[in-house]
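> Could you work out the structure for the sequence below:
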Amino acid sequence: MLKRTLAAWVLACTMGYAHVARADDLVAIVQQALDYDAELAQARASYEAAKLSVPIARAALLPQITGGWGRAYNRIDMDGFPRQDYWQSGWMVNVSQPLFDWSKWTAYRQADFVVAQGAVDFAGARQTSILRAVRAYFDELAAEDEVKRSQEYSKAIDVQRDQVRRKRAAGEATLIDEQEMATAREQAQLQLMDAQQNLGIKRRAVQQVTGRAFSTLAALPPGMTLPGLAEGEEVWAEQARTSGYGVQSKQLGWEIARLDSAKARSAGYPVVSVTGSYSPAGAAGGYSRPTTTTVGMLQVQIPLFSGGEIQARVRQSLALEDKAEQGFVAASVQAEASARDNYAQYVRERMKTDSLSRLVATAGDALHATEVGYKVGSRASADVLRAIDTLYTAKRDLLRSRYSAIVALLQLKADVATLSTADIESMTSMLCCAPGTAPR
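I've put the predicted structure just below:
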């Protein structure tokens, strides 16, 4: 999905910024997060453990050979005969090969699903780690942009306040005009203080994700156009419902639970195996003279009475199977809902970004015209203040909308289990420069 659209988007965004030196980019941050993430390391270890399920289950179907050595003291007392006592020492070999054991065969079939579930859980954990790094990255960029916007807003208020002071000195403005500007300046300073404090929090969040301090992050180019979605909402929802990592894991868990039920039933089946033992001369217990014993046997074990344990375990496994099935259904519903929500959010934020871009342009023109009108006396200082607020509020909303749209797009790809480092590399190709740095 979106391969052609993303490729065209990346090409359009990168042509004008090919020579710009980058700071720490998104690929670097994501890679550091993947290397540092303890939760991902846990999932990787769990997957390594799950991969051993197949050889463990297969081993139960292969011949089991044991050997040993021993030394024993024997004493025989028999009426009418002298007492005999002697020592024996030697070694023995026992061999067992199951011919029919449905529980072990079921466990062997089940092992493949255990390995598959481990792989899916690891892939899901990796994707979650990528999303965590992406959110931290763009949250920090948004905080950088908000600090810059707050500084520009504060400067605009200061410029207008200086004009009001000059006009009041000339008798062309009132005390109320000056007090309004003073109030606006205090509000701007509070916004700047909050933005700086939030920036510190977001920077620490990136450090917590990556495990190290970083320099400046590469930012999005101004005026970047967000790509459209070639597929409709139903396509994304269907793919999320069937292919999401959470859905796949729950489906595999359901299959594992079904095989657990089969294993519980097989506890009541006969078990057929071949056994053999070999004890060289001198090791046979109960004989005073060196004796070699060789035993081979076809063995059939049939459970006759277990006190109701087998029936209870079957009912227990069936209840757990039903639980796993309901978990799969719930995961499918949740994945579909998440895909629909992120699709709607991306479409909404993309449209909102386009509208806010036009609003910023018109608000800038309106502010310029209002400032000119104020200089010639056709507009009041309150009009200029409202125009400033409108412009910088629109800028703030535009910045937030852009980052929300990008995160929603990547989250949408995660919903359908297609988010990978290749998408991060494509996104990084759009990052042109550090916040506050103009592209060449």
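> now the strands for this structure?
Residue ranges of the strands in the chain, as given by DSSP state E, are 64-76, 84-100, 271-279, 293-301.
> quick one: low-confidence ranges for the stretch 301-440 of the chain?
Within the stretch 301-440 of the chain, the set of residues satisfying pLDDT under 70 comprises 430-440.
> So what's the residue count around Thr370?
For Thr370, the tally of surrounding residues (other C-beta atoms under 10 Å) stands at 21. Every C-beta, even on glycine, is put in place using the N, C-alpha and C of the backbone.
> That one against Ala380, yeah?
No - Thr370 is not in contact with Ala380 according to C-beta atoms under 8 Å; the separation is 9.5 Å.
> And stretch 359-375, what's buried?
When neighbours are counted by 16 or more other C-beta atoms under 10 Å, the buried residues of stretch 359-375 are found to be 359-360, 363, 366-367, 370-371, 374.
> quick one: which of these sit in helices?
With DSSP state H as the criterion, helices contain 359-360, 363, 366-367, 370-371, 374 from among those.
> who's in contact with Lys395?
Remark: with contacts taken as C-beta atoms under 8 Å, 6 or more residues apart in numbering, Lys395 is in contact with 149, 360.
> Tell me the spacing between it and Ala330.
Using C-beta to C-beta, to the nearest Å, Lys395 is found at 42 Å from Ala330.
> Repeat that for Lys413.
Relative to Ala330, Lys413 is positioned 22 Å away (criterion: C-beta to C-beta).
> can you give me the helices in the stretch 251-400 of the chain?
In order along the chain, the stretch 251-400 of the chain carries the following helices (DSSP state H, counting those that start in this stretch): 309-376, 381-415.
> Give me the buried positions along the last one.
Looking back up the chat, that one is helix 381-415. Of all the residues in helix 381-415, those buried under the rule 16+ other C-beta under 10 Å are 381, 383-385, 387-415.
> which residues sit in contact with the nearest residue to Ile424 once chain neighbours are set aside?
Computed as C-beta to C-beta, 6 or more residues apart in numbering, the closest residue to Ile424 that is not its neighbour in sequence is Val30, at 5.1 Å. Shown here is Val30, whose contacts under the criterion C-beta under 8 Å, 6+ apart are 130, 133-134, 137, 421, 424.
> Make a PyMOL selection of the buried ones in these.
Selection of buried members from these for PyMOL, criterion 16+ other C-beta under 10 Å:
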select buried, resi 130+133+134+137+424
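> out of the contacts of Val30, which one sits closest to Arg313?
Ile130 (41.2 Å; C-beta to C-beta).
> Tell me how far the closest residue to the closest one other than its chain neighbours lies from Gln97.
Beyond its immediate neighbours in the sequence, the residue positioned closest to Ile130 (C-beta to C-beta, 6+ apart) is Val30, lying 5.6 Å away. Val30 sits at a distance of 51 Å from Gln97 (criterion: C-beta to C-beta).
> what residues are up against the spatially most central residue of the chain?
What sits nearest the mean C-alpha location of the chain, by C-alpha atoms, centre = their mean, is Thr128, with 1.2 Å. With contact set as C-beta under 8 Å, 6+ apart, Thr128 has these partners: 39-40, 414.
> Same list (the residues you listed) but as CSV, adding distance to Ala188.
CSV is the format used below for those (distance: C-beta to C-beta, whole Å):
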residue, distance to Ala188
Glu39, 41
Leu40, 42
Ala414, 38
